[in-house]
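# Build me a structure from this.
(one chain, ligands or ions: 1)
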Amino acid sequence: MYNISEWDHVFKLDPNKMITNAALEKVCTSGTDAVIVGGTDGVTFENVADLLERLEPYNVSTVLEVSDLEAVVPGFDAYFIPLVLNSRHKKWLLDVQHQAIKEYADMIDWQDMLTEGYCVLNPEAKVYQKTDCTLPNVQDVLAYAKMAEHVFRLPVFYMEYSGTYGDPELVKKVARQCHHTTLVYGGGIRTKEQAEQMAEFADVIVVGDVIYDNLEVALETVEATKSMKMKDGGPS
Ligand code: 1GP
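Model (predicted):
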């Protein structure tokens, strides 16, 4: 199975956003553990295929986070399938995935597929609105984490604050629940200090938007995360 237990830091690129070749080169050679391609709006087969082609020359792991069945492009190292645990609708927990399996089962290499239990925590985020989430309180989040770990035995529990910086105390509490399940944190990391703070608790941090707004800071988050993990007791 695709193994993310060695990861500390990943960049997430939105195929619907423009990135120059020079910026892409810096992202891919930054020392990050992988580049995830994913977004909520305007993800098409063409823009995903185009980005994958531009990533291929680099020696970095490429992952497609599948958000649209029309935009599943072959050739990535791995495919992440999100299940939105706090969506009001079964559609986002089971049905879109079921449809995907019906259509693509013959093409899927199950070893390269990994399921992410998403808990979306920013009501302003597009993904929160698109998947019609409810805002969980602390006890709810902890229960989702326990379900990810013990009930569904998911490889990943993803605390998704997309667009806003989250609550490190909550990430710390969730981290105590995740022993086999990898805890991923993403959202609003815009300084290396924030990367360090979340890397102290989460197994993996995801850095997205700041790549497009302030590339230099985005690149600094790699070193900040890696140093925090070394301080925490060696590479994870
Ligand atoms: C989004 O969790 C990622 O899916 C990263 O969030 O874009 O806010 O960094 P940002």
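# Need the pLDDT of Val204.
At Val204, the predicted lDDT confidence score is 98.
# what about it, how many neighbours?
25 (other Cβ atoms under 10 Å). Glycine gets a C-beta too; all of them are placed from N, C-alpha and C.
# and if you look at the one 10 residues further on?
A total of 13 residues lie near Asn214 under the criterion other Cβ under 10 Å.
# Report the next helix or strand after the one helix or strand in the chain whose mean pLDDT sits lowest in sequence order.
Every helix and strand in the chain was compared by mean pLDDT, DSSP states H and E; the lowest is helix 95-104, with a mean of 90. Reading on from helix 95-104 to the C-terminus, the next helix or strand found by DSSP states H and E is strand 113-120.
# Tell me what angle that following strand forms with helix 95-104.
Here strand 113-120 runs at an angle of 160 degrees relative to helix 95-104 (axes from the mean of the first three to the mean of the last three Cα atoms, to 10 degrees).
# ok, residues contacting strand 113-120?
Defining contact as Cβ atoms under 8 Å, 6 or more residues apart in numbering, one finds that strand 113-120 is touched by 1-2, 4, 65, 78-87, 127-128, 131, 133, 136, 141, 144-145, 147-148, 152, 154-160, 162, 181, 184.
# Now do that strand, average pLDDT.
Mean predicted confidence for strand 113-120 is 96.
# That strand close to the ligand?
No - Strand 113-120 stays clear of the ligand (Cβ under 6 Å from any ligand atom), getting no nearer than 9.1 Å.
# what pairs with that strand, and is each one parallel or antiparallel?
Sheet pairing here is set by DSSP bridges, and for strand 113-120 it gives strand 78-84 (parallel), strand 156-160 (parallel).
# Show me what the first one is in contact with.
If I follow you right, that is strand 78-84. Residues from elsewhere that reach strand 78-84 (Cβ under 8 Å, 6+ apart): 2, 36, 38, 61-67, 72, 92-94, 97, 100, 108, 112-118, 120, 127, 131, 133, 152, 154, 156, 158.
# Just the buried ones from those residues, in ChimeraX syntax?
Selection of buried members from those for ChimeraX, criterion 16 or more other Cβ atoms under 10 Å:
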select :2,36,38,61,62,63,64,65,66,67,72,92,93,97,100,113,114,115,116,117,118,120,127,131,133,154,156,158
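# Quick one: name the residues of the protein near the ligand.
12, 160, 162-163, 186-189, 206-210.
# Can you flag which of these belong to strands?
Lys12, Glu160, Gly186, Val206, Val207 (DSSP state E).
# Name the member of those with the most neighbours.
Ranked by neighbours (other Cβ under 10 Å), these are led by Val207, which has 28 neighbours.
# In space, what's closest to the residue most central in space within the chain - neighbours in sequence excluded?
The centre of the chain sits closest to Val206, judged by Cα atoms, centre = their mean, with a distance of 5.8 Å. Once flanking residues are discounted, Val206 sits nearest to Gly186: 3.3 Å by Cβ to Cβ, 6 or more residues apart in numbering.
# before we move on, what about Trp7?
Nearest non-adjacent residue to Trp7, counting by Cβ to Cβ, 6+ apart: Asp33, 4.1 Å away.
# hang on, that neighbour packs against Glu6?
Yes - between Asp33 and Glu6 there is a contact under Cβ atoms under 8 Å: 6.9 Å.
# by contact count, what packs against the strand or helix carrying Lys173?
Using DSSP H and E, Lys173 sits in helix 168-175. Applying 3 or more Cβ pairs under 8 Å, 6 or more residues apart in numbering; DSSP states H and E, we find helix 168-175 packed against helix 138-146, strand 156-160, strand 182-186, helix 192-199.
# orientation of that helix relative to helix 192-199 in degrees?
Using the same axes, to 10 degrees: helix 168-175 against helix 192-199 is 30 degrees.
# All good on my end, thank you.
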